[in-house]
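Trainee: Need coordinates for the below:
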Amino acid sequence: MIVSDTIWTPDLSSAGKSKYKALAQAIRDAIMSGELSAGQQLPPMRELGYRIGLTPGTVARAYAILTEEGRLEAQVGRGTFVAGKIVRPPVNPDSLIYHVDEGFADFRSSRVPDVGQGRIIDDALIELGQSHCRRHINYPTAQTDYGAREAVAGWIDAIRVGYVTADDVVLGNGAQNCCVLALQAVLHGAAPVILTEELSYPGVRHAGQLLRAKVVGVAMDDEGIIPEALEAAYRNHGGQVLLTAAEVHSPTTIKTTLVRKQALAKLAEKLDIMVIEDDCHTPLATEVPSYRVLTGGNAYYISSLTKTVSGALRFGYMVGPQGQQDNLRQVAQSSFYGVSQPITDLCEGLIRSGAAHQIRKDVFAATAQRVRLAVNALGAWDIRWREDAPFIWLQMPTGWRASSFSMACEKQGIKVRPSDEFALSDAKTPNAVRLALNTCVDEQVFRDALAKMNLLLANPARLIDG
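Mentor: A predicted model of the protein is given here:
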């Protein structure tokens, strides 16, 4: 039994860099040998970490792996215990989508604020149904979705992507789906490699796993991906594609500068790396063009209506390299034949009527208001923020680790997302958390949660481990 007064201590002397993996394996071995039995409690993360020379975050990562495997179970307010039996996890235990209780202070998932778009979409559906302009019976084709692609071509900011026609646009079921399709079009060989930011939205890892590709993180600074780090990663691991969120990086909110983008575009051309730019958060305006513009058309640009209009609209779009539209459209067709025609007709109508533009404007206004509230409440701390980004990046003050702060917040009825969840395997993890600001629908719940977090940050001694 691993508790405070036990002499059990795993030997991690030969663990190398992956200490959390070694600790996880040591606990597995102890469970298999009977040294740890069902129902026995593991020590608090800080205590075990102190004993074996690891950070609480490293211990937390090992515990999380074993919890996902069903070998351990975490009980809120009590601690972590050896599970009674192994419960096989689902294929992707770290789900990208999960239910959010709107009365709970959940700052984990970035959602679209409610600005009345639900009723607008309902009315648009009724209008579409009554128009009888189409017979929604047969498979979608390049002809039936042409109007939606034409609307998207007008929707995309010309400064951002350049001149685009309907023939340049390929539709998908959201930005994540479009990223997977673009990767399928680019990746080849037995051991493909995806290069991306060292901290990345978990969907990047999911895409890599789905395509059996190795995902390699590249170091960043305040201007974006560091060119020298990209070249070093390519030399060490290879790489056919750079998948990047250059406009609004999640979780840090960093925007890659024009000078940095130009340097990276030139380097990608030199190394023969295809750039896929995921611009799912798409600010209203930008002065920095996309990689597709900077590379003379030899890059992918991807976005959607999901983050700026409605999460219910799984409607994404991509503009591929010049001359590759037919190939990309064939990849999409091979995957799902085509985006549902009622959805393409609905989204076309929302864009052409101006409703989508107004919704997007209202969404950004609501997001900016939430950002201002958060900055006013947490401005004494080291935070990175932008009014056009729906989250802030909070660096932990002295006395806090991201993992322990997350646990302390949960005891206060608040959920936050520690940096570990954005880190690629074996990557250096900053001591920070991301706070998504549009998840708490009730403003009073939102304000109260910010006040509680501010109090916690000011009083690290209030942490009670376990």
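Trainee: In contact with Tyr317, which residues are there?
Mentor: 149, 152, 156, 169-172, 178, 302-304 (Cβ atoms under 8 Å, 6 or more residues apart in numbering). No exception for glycine: its C-beta is placed from N, CA and C like everyone else's.
Trainee: most neighbours, which of those residues?
Mentor: Val170 (31 neighbours; other Cβ atoms under 10 Å).
Trainee: sec struct for that residue, please.
Mentor: Of the three states, Val170 takes strand under DSSP: H, G, I helix; E, B strand; the rest coil.
Trainee: Name the nearest residue to Val204, ignoring sequence neighbours.
Mentor: Thr196 (5.3 Å; Cβ to Cβ, 6 or more residues apart in numbering).
Trainee: What lies in contact with stretch 360-376?
Mentor: So stretch 360-376 is contacted by 112-113, 115-117, 283-284, 308-309, 383, 385-390, 392, 435, 437-438, 443, 446-447, 450 (Cβ under 8 Å, 6+ apart).
Trainee: what is the mean pLDDT for whichever strand or helix holds Asn454?
Mentor: Element membership for Asn454 (DSSP states H and E) is helix 443-458. For helix 443-458, mean pLDDT rounds to 95.
Trainee: For it, name the packing helices and strands.
Mentor: Counting by 3 or more Cβ pairs under 8 Å, 6 or more residues apart in numbering; DSSP states H and E, the packing neighbours recorded for helix 443-458 are strand 105-106, helix 355-378, helix 402-411, strand 414-415.
Trainee: can you put the ones you listed in a markdown table and add mean neighbour count, distance to Ala190 and mean pLDDT?
Mentor: Shown next, in a markdown table, are these (neighbours: other Cβ atoms under 10 Å; distance: least, Cβ to Cβ, whole Å; pLDDT from 0 to 100):
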| stretch | mean neighbour count | distance to Ala190 | mean pLDDT |
| --- | --- | --- | --- |
| strand 105-106 | 22 | 41 | 90 |
| helix 355-378 | 18 | 43 | 97 |
| helix 402-411 | 22 | 37 | 91 |
| strand 414-415 | 22 | 40 | 92 |
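Trainee: from memory Gly39 sits against Gly84, does it?
Mentor: Yes. Checked against Cβ atoms under 8 Å, the pair Gly39 and Gly84 is within contact range at 6.7 Å.
Trainee: chain center to the host helix or strand of Gln209, what's the gap?
Mentor: In this assignment (DSSP H and E), Gln209 forms part of helix 202-210. Relative to the mean C-alpha coordinate of its chain, helix 202-210 is positioned 10 Å out (Cα atoms, centre = their mean, to the nearest Å).
Trainee: next one: stretch 132-139
Mentor: That offset, for stretch 132-139, works out to 35 Å (Cα atoms, centre = their mean).
Trainee: Same question for stretch 309-329.
Mentor: 19 Å.
Trainee: how about that stretch: buried residues?
Mentor: 309-311, 313-321, 324-325, 328-329 (16 or more other Cβ atoms under 10 Å).
Trainee: Next: stretch 422-436.
Mentor: 422-424, 427, 429-436.
Trainee: returning to that earlier point: format the contacts of Tyr317 as CSV; extra columns: pLDDT and distance to Ala366.
Mentor: Converted to CSV, those look like this (pLDDT from 0 to 100; distance: Cβ to Cβ, whole Å):
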residue, pLDDT, distance to Ala366
Arg149, 97, 29
Val152, 97, 24
Ile156, 94, 23
Val169, 96, 28
Val170, 96, 30
Leu171, 97, 27
Gly172, 96, 26
Cys178, 96, 25
Ile302, 97, 24
Ser303, 97, 19
Ser304, 97, 19
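Trainee: Make a markdown table from those and add distance to Ala232 to it.
Mentor: Shown next, in a markdown table, are these (distance: Cβ to Cβ, whole Å):
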| residue | distance to Ala232 |
| --- | --- |
| Arg149 | 39 |
| Val152 | 37 |
| Ile156 | 34 |
| Val169 | 35 |
| Val170 | 33 |
| Leu171 | 37 |
| Gly172 | 32 |
| Cys178 | 29 |
| Ile302 | 26 |
| Ser303 | 30 |
| Ser304 | 32 |
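Trainee: Nearest to Lys270 among the residues you listed?
Mentor: Nearest to Lys270 among those, counting by Cβ to Cβ, is Ile302 at 23.3 Å.
Trainee: Can you tell me which of the contacts of Tyr317 is nearest Gln75?
Mentor: Ser304 (38.0 Å).
Trainee: what are the bridge partners for the closest one, then?
Mentor: Gly316 (DSSP bridges).
Trainee: show me what contacts it?
Mentor: With Cβ under 8 Å, 6+ apart, Ser304 has these contacts: 174-175, 178, 280, 313-317.
Trainee: now Gly147
Mentor: Here Gly147 is in contact with 344-345, 348 (Cβ under 8 Å, 6+ apart).
Trainee: what do you get if the cut-off is 7 Å, keeping everything else the same?
Mentor: Glu348 (Cβ atoms under 7 Å, 6 or more residues apart in numbering).
Trainee: ok, now Ile27?
Mentor: Per Cβ under 7 Å, 6+ apart, neighbours of Ile27: 36, 62, 66.
Trainee: Is it inside a helix or a strand, and which specific one?
Mentor: Here Ile27 is assigned to helix 19-33, by DSSP H and E.
Trainee: List the buried residues of that helix.
Mentor: Neighbour count says helix 19-33 has 19-28, 30-31 buried, by 16+ other Cβ under 10 Å.
Trainee: Check what pLDDT Lys19 gets.
Mentor: For Lys19, the predicted pLDDT is 81.
Trainee: Check Val241 too.
Mentor: Val241 is given a pLDDT of 97.
Trainee: Let the chain start at 13 from now.
Mentor: Yep, numbering from 13; the last one is Val253 now.
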